[in-house]
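Participant: Quick one, structure for this:
(one chain, ligands or ions: 1)
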Amino acid sequence: MGGRFSMNSYLGQRILSFVREGDYAHAGEEEAIELALSGVEKNTRRLILDAGCGRGGTADYLNRNGWGRVIGIDIEPESIDAARERYPGASFIVCDVCGVDRHVTERPEIVCMFNAYYCFEDQSGALGALLKIARPDARMIIFDHVDRGGYQDDPLMDAGEPFLPNPLRLSEVRERMSSTGWQVLDIQEVHDAYIGWYASLMSRIERARDRITDMAGHRGYEHVHGLYQGLLNAAQQKRLGAAIITAAPVS
Ligand SMILES: C[S@@+](CC[C@H](N)C(=O)[O-])C[C@H]1O[C@@H](n2cnc3c(N)ncnc32)[C@H](O)[C@@H]1O
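Facilitator: Modelled structure (predicted):
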């Protein structure tokens, strides 16, 4: 394994997909999708945009379970190739979320992000671009990591970079949204579930030790194990958690 291995790399996401038994790179996998979409009626005719869709598991789940027709976008071409190959029922486009309005011409009724917003370097740029394409009556659902206080003072590092570059700070979310044309309708904190999801993920990582070592070597396994143990510790110490933000374009 070279020095550039990180959890957000293609190999990192393949390992996570294997451990999570689905093409998911977000906490709570299908349980989190159900939780985040629980207030949304199913409607196969509506358009959903999954921004930062990764390997496409969430787009496929939404599509297959009747929430709507899904377009997934991601900046990482290899993830989009994998998504297109595995999930022909959804559409996938390679693009930076900040330029989504130049690539997606249809107007989604739902915009969702599952553990993607925290990765965006320019979060305001992303919100602005998504606003340009969203329908005026759209709902935006952001499921993401939350810095509950003090996490960024001693952040987990992944291959020299912050593992969670920009987790949500709930005290700032309303202002960030309103400065980009969105209004927050609801904030649901799901910190206890987050602890459970990462405790379960740690057990699965340990059970998959041999397979992860085959994929990424012994150091790769130690890297994955150390990062997720650190994340679980931070969750148990109430420094990290998760929330579901629901927002709408300001009318
Ligand atoms: C932790 S993964 C989550 C993937 C997916 N939502 C899931 O739950 O499986 C974060 C994803 O955000 C993507 N991403 C990061 N910055 C992006 C950007 N500026 N535009 C589009 N996608 C981006 C990454 O390539 C990665 O696939």
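Participant: from here on, contacts and neighbour counts on C-alpha atoms
Facilitator: Noted.
Participant: which bits of the stretch 101-250 of the chain sit near the ligand?
Facilitator: Within the stretch 101-250 of the chain, the positions adjacent to the ligand are Met113, Phe114, Asn115, Ala116, Cys119, Phe120 by CA under 6 Å from any ligand atom.
Participant: Beta-bridge partners for the residue lying closest to the second one once chain neighbours are set aside, please?
Facilitator: Spatially, and ignoring its direct neighbours in sequence, Phe114 is nearest to Phe143 (5.0 Å; CA to CA, 6 or more residues apart in numbering). On the basis of DSSP bridges, Phe143 takes part in beta bridges with Phe114, Ile244.
Participant: do the same with Gln188
Facilitator: Ile244.
Participant: for it, what are its contacts?
Facilitator: Contacts for Gln188 (CA atoms under 8 Å, 6 or more residues apart in numbering) come out as Ala243, Ile244, Ile245.
Participant: wouldn't Leu49 be in contact with Trp67 here?
Facilitator: No. Counting by CA atoms under 8 Å, Leu49 stays clear of Trp67, with 11.4 Å between them.
Participant: quick one: which of those two has more around it?
Facilitator: Each of Leu49 and Trp67 has its neighbours counted (other CA atoms under 10 Å); Leu49 has more, 28 against 21.
Participant: what secondary structure does the more buried one sit in?
Facilitator: strand (DSSP: H, G, I helix; E, B strand; the rest coil).
Participant: quick one: pLDDT of it?
Facilitator: pLDDT for Leu49: 98.
Participant: which stretches of the stretch 101-250 of the chain form helices?
Facilitator: 123-133, 170-179, 191-207, 209-236 (DSSP state H, counting those that start in this stretch).
Participant: Let me know which of those is tucked in deepest.
Facilitator: Ranked by mean neighbour count, these are led by helix 123-133 with a mean of 19 (mean count of other CA atoms under 10 Å).
Participant: for that helix, packing partners?
Facilitator: Judged by 3 or more CA pairs under 8 Å, 6 or more residues apart in numbering; DSSP states H and E, helix 123-133 is in contact with no other helix or strand.
Participant: who touches it?
Facilitator: For helix 123-133, contacts defined as CA under 8 Å, 6+ apart pick out 97-101, 104-108, 111, 117, 120, 176-177, 180-182, 249.
Participant: go with 7 Å
Facilitator: Here helix 123-133 makes contact (CA atoms under 7 Å, 6 or more residues apart in numbering) with Val97, Cys98, Gly99, Val100, Asp101, Arg107, Pro108, Tyr117, Thr180, Pro249.
Participant: The residue nearest to Phe114 - how many residues pack around it?
Facilitator: Neighbours of Phe143 (other CA under 10 Å): 30.
Participant: So which bits of stretch 241-250 are buried?
Facilitator: Gly241, Ala242, Ala243, Ile244, Ile245, Thr246, Ala247, Ala248, Pro249 (16 or more other CA atoms under 10 Å).
Participant: whoops, I mixed them up, stretch 89-107
Facilitator: 90-98, 100-101, 104, 107.
Participant: gap between the two ends of that stretch?
Facilitator: Taking CA to CA, to the nearest Å, the first and last residues of stretch 89-107 lie 19 Å apart.
Participant: returning to what we had before: tabulate the contacts of helix 123-133 (CSV), appending pLDDT and distance to Ala193.
Facilitator: Shown next, in CSV, are the contacts of helix 123-133 (pLDDT from 0 to 100; distance: CA to CA, whole Å):
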residue, pLDDT, distance to Ala193
Val97, 98, 28
Cys98, 98, 31
Gly99, 98, 33
Val100, 98, 32
Asp101, 97, 34
Arg107, 98, 33
Pro108, 98, 29
Tyr117, 98, 19
Thr180, 98, 30
Pro249, 98, 29
